[in-house]
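Enquirer: This is a predicted model, with the sequence first.
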Amino acid sequence: MSDQQQSLADLQHIKQMMERSSRFISLSGFSGIAAGICALIGAWFANRKISCWTKGDCTLDGLIDQGGVQLLNDLMWIATLTFVAAFISATLFTYLRSKKNGLPLWGSATSRLFWNTLIPIAIGGIFIIRMMQLGQFELVAPACLIFYGLALVNGSKYTLGEIRYLGYGQLALGIMSLWFTGYGLYFWGMGFGILHIIYGFLMWYKHERNN
């Protein structure tokens, strides 16, 4: 190996060490795919509940008699279970990749990524809860997409840069859905489901396929 080649190899090694210390690079493409599948399943169940209530076929479940209160409770449970399933599956695949690469799952880079994504999501959650209290349910899906997109863009500087484009996609869908409020669940499914699956596949193809 020539001196020039050795210098290039050393520079590449230094660059990798700096990235490992400043960025969380163990995100797995399978995490995105799994989260997207969970979101699509959750959207399917939510759509069935809403269709059942709209058509008046849910009398036995108490949806008609309670004026939609039971429907709202069911949708909240679906959303909660969907989030828990997506979080667990994403964390599992990320842990497996971290272990494979010999990197700790939690470190300074992970902490920075966590806090920079948590703050927009937490504020968005408070905002959405207040909207629901005011009966602005048609804006819940757009708000979810917009605040999640902001969280991804904000946290992208502490992880793989490609996640920024996933954030841009979420923001675009969230803004568009503001003018198609009757189709919020479909935009929600496209953002949290289809976009996550596409992103996960591209990340696997780019960073994990050869491994």
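Expert: Now that the structure is in, tell me what you want to look at.
Enquirer: Only C-alpha atoms from now on, for both contacts and neighbour counts.
Expert: Fine.
Enquirer: need the next SSE after the helix or strand of the chain with the lowest mean pLDDT, C-terminal direction.
Expert: For the chain, using mean pLDDT, DSSP states H and E, the weakest element among its helices and strands is helix 3-22, scoring a mean of 47. Using DSSP states H and E, the helix or strand that follows helix 3-22 towards the C-terminus is helix 29-55.
Enquirer: Figure out how far whichever helix or strand comes after that following helix is from the centre of its chain.
Expert: Read in the C-terminal direction, the helix or strand following helix 29-55 is helix 69-101, with elements assigned using DSSP H and E. Computed by CA atoms, centre = their mean, to the nearest Å, the chain-centroid distance of helix 69-101 equals 10 Å.
Enquirer: Tell me the buried residues in the helix or strand that comes right after helix 69-101?
Expert: Proceeding N to C from helix 69-101, the next assigned helix or strand is helix 108-133, under DSSP H and E. Buried positions in helix 108-133, judged by neighbour count with 16 or more other CA atoms under 10 Å: 109-110, 112-114, 116-121, 124-125, 127-128, 131.
Enquirer: cool, and stretch 203-211?
Expert: 203-204.
Enquirer: Not counting it itself, show me its contacts.
Expert: The set of residues that contact stretch 203-211 without belonging to it, under CA atoms under 8 Å, 6 or more residues apart in numbering, is 28-30.
Enquirer: Correct me if wrong: Gln170 contacts Tyr148.
Expert: Yes. Distance between Gln170 and Tyr148: 7.1 Å, which falls inside the contact criterion (CA atoms under 8 Å).
Enquirer: Measure how buried Thr181 is and give me the count.
Expert: 17 (other CA atoms under 10 Å).
Enquirer: do Gly135 as well
Expert: Residues within reach of Gly135, counting by other CA under 10 Å, total 11.
Enquirer: Over to the one 10 residues further on?
Expert: The local packing of Leu145 (other CA under 10 Å) involves 27 other residues.
Enquirer: From Thr117, how far out is it?
Expert: Counting by CA to CA, to the nearest Å, the gap from Leu145 to Thr117 is 13 Å.
Enquirer: now do Leu152
Expert: Plainly put, Leu152 is 6 Å away from Thr117 if you go by CA to CA.
Enquirer: From one end of stretch 182-190 to the other, what's the distance?
Expert: Note: stretch 182-190 ends 15 Å apart using CA to CA.
Enquirer: which residues are contacting it?
Expert: 39-40, 43, 47, 138-142, 144-145, 173-174, 177.
Enquirer: Write the ChimeraX selection for whichever of those are buried.
Expert: One line in ChimeraX is enough to select the buried members of these, burial here meaning 16+ other CA under 10 Å:
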select :39,40,43,138,139,140,141,142,144,145,173,174,177
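Enquirer: contacting residues for Gly29?
Expert: So, once contact is read as CA under 8 Å, 6+ apart, Gly29 ends up touching 199-204, 208.
Enquirer: give me every residue that touches the residue most central in space within the chain.
Expert: Most central residue of the chain, judged by C-alpha distance to the mean C-alpha position with CA atoms, centre = their mean, is Phe192 at 5.8 Å. Each residue near Phe192 by CA under 8 Å, 6+ apart is listed here: 35-36, 39-40, 145, 170.
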